[in-house]
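Chemist: how would this look folded up:
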Amino acid sequence: MKLRRSVVIGFLFLLAACSGKPVLSYSLSLRTPNAAKAMVLIQATERVLTRRLAALEVKNARVSAIPTGSGTGLLSLRLPDAKAAEAARRILAETFTFSVRIEQGQKSKGDPGNLDQSNWRPTALTGSSIEWIQAIGLSSSGEIGVELQFNAKGRQILETIFRDNQGKDAGIFVRDLLVSKIKIQGKTVSDRVIIGGIPSAKVAEIFADDVNVGLHVFYTPAN
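Modeler: Next comes the predicted model:
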């Protein structure tokens, strides 16, 4: 079965090369010991890169990701031209950032509706504290939410944040952009935090895909 897959992959690469369109190949390293989550990451990688290329108005891009072993995969991108290939390289070379910061209470003078990033104090809670993110339905309200699951280190940091910042807002930043605010109430902290008020299940799934892939998938050029 493995031999057949290798032959098919090789044939597809040959066809792409003959077409004259750029083909990029990357080895994937997946930061999870869970086989089911590894497969989710492989599939999410395809969706994330397809969406990001579409956002840059790259048309007719073909993104394919397949597992190659325990915690590894192969990513292939067939792009329409050299400009699109360079855009894809930039996307894959970006450093993904995730952080939780505490609001300091001052609003930006330029836009009263938004808080200036300089008014947010960083905490020790970063992407390394996140174990997994998933979209969920909130049975109590019928709303759509996103559940952030923390590892043991992350739970300890979260307890300190809740203990020292009662009544303040915690901001969740992805790629240095504020994506959500949570009011810190109560001192009881679980290993999960739920962000409610997501406008749709699709938006929640896109957010979960983006963060999970950003935190747990690493790319190494293979060509």
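
Chemist: Walk me through the domains of the protein.
Modeler: 2-94, 98-211 (automatic domain parsing).

Chemist: For Tyr219, find the nearest of these.
Modeler: Among those, domain 2-94 comes nearest to Tyr219, with 4.5 Å by Cβ to Cβ. For glycine as for every other residue, the C-beta is placed from the backbone atoms N, C-alpha and C.

Chemist: What's the mean pLDDT across the closest one?
Modeler: Domain 2-94 comes out with an average pLDDT of 86.

Chemist: And stretch 209-223, by the same measure?
Modeler: Across stretch 209-223, the average pLDDT comes to 95.

Chemist: And that stretch, how far out from the chain middle?
Modeler: 8 Å (Cα atoms, centre = their mean, to the nearest Å).

Chemist: okay, now Leu177: neighbour count?
Modeler: Around Leu177 there are 9 other residues, counting by other Cβ atoms under 10 Å.

Chemist: ah, wrong one, I meant Lys153
Modeler: 13.

Chemist: how about the helix or strand hosting it: buried residues?
Modeler: Element membership of Lys153 [criterion: DSSP states H and E] is helix 152-164. For helix 152-164, a neighbour-count test (16 or more other Cβ atoms under 10 Å) marks 154-155, 157-158, 161-162 as buried.

Chemist: helices or strands up against that helix?
Modeler: Contacting helix 152-164 under the criterion 3 or more Cβ pairs under 8 Å, 6 or more residues apart in numbering; DSSP states H and E are the following elements: strand 120-126.

Chemist: Would you mind pulling the contact partners of the strand it packs on?
Modeler: With contact meaning Cβ atoms under 8 Å, 6 or more residues apart in numbering, strand 120-126 is reached by 97-104, 154, 157-158, 160-161, 170-171, 173, 178.

Chemist: do stretch 58-78 as well
Modeler: Applying Cβ under 8 Å, 6+ apart, the external contacts of stretch 58-78 come out as 5, 9, 12-13, 16, 21-33, 35, 38-39, 42-43, 45-46, 49-50, 53-54, 79-80, 84-85, 87-88, 219, 222.

Chemist: Check which residues of the longest helix belonging to the chain are buried.
Modeler: Using DSSP state H, we find that the single longest helix of the chain is helix 35-55. By 16+ other Cβ under 10 Å, the buried positions in helix 35-55 come out as 37-38, 40-42, 44-49, 52-53.

Chemist: can you check stretch 67-80 too?
Modeler: Buried residues in stretch 67-80 (16+ other Cβ under 10 Å): 67-68, 71, 73-79.

Chemist: first vs last residue of it, how far apart are they?
Modeler: One end of stretch 67-80 to the other measures 25 Å (Cα to Cα, to the nearest Å).

Chemist: Would you mind giving the buried residues of helix 152-164 as TSV with distance to Val63 and pLDDT added?
Modeler: Formatted as TSV, these follow (distance: Cβ to Cβ, whole Å; pLDDT from 0 to 100):
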residue	distance to Val63	pLDDT
Gly154	31	92
Arg155	35	91
Ile157	35	94
Leu158	35	91
Ile161	37	92
Phe162	40	90
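
Chemist: Cool, thanks, talk later.
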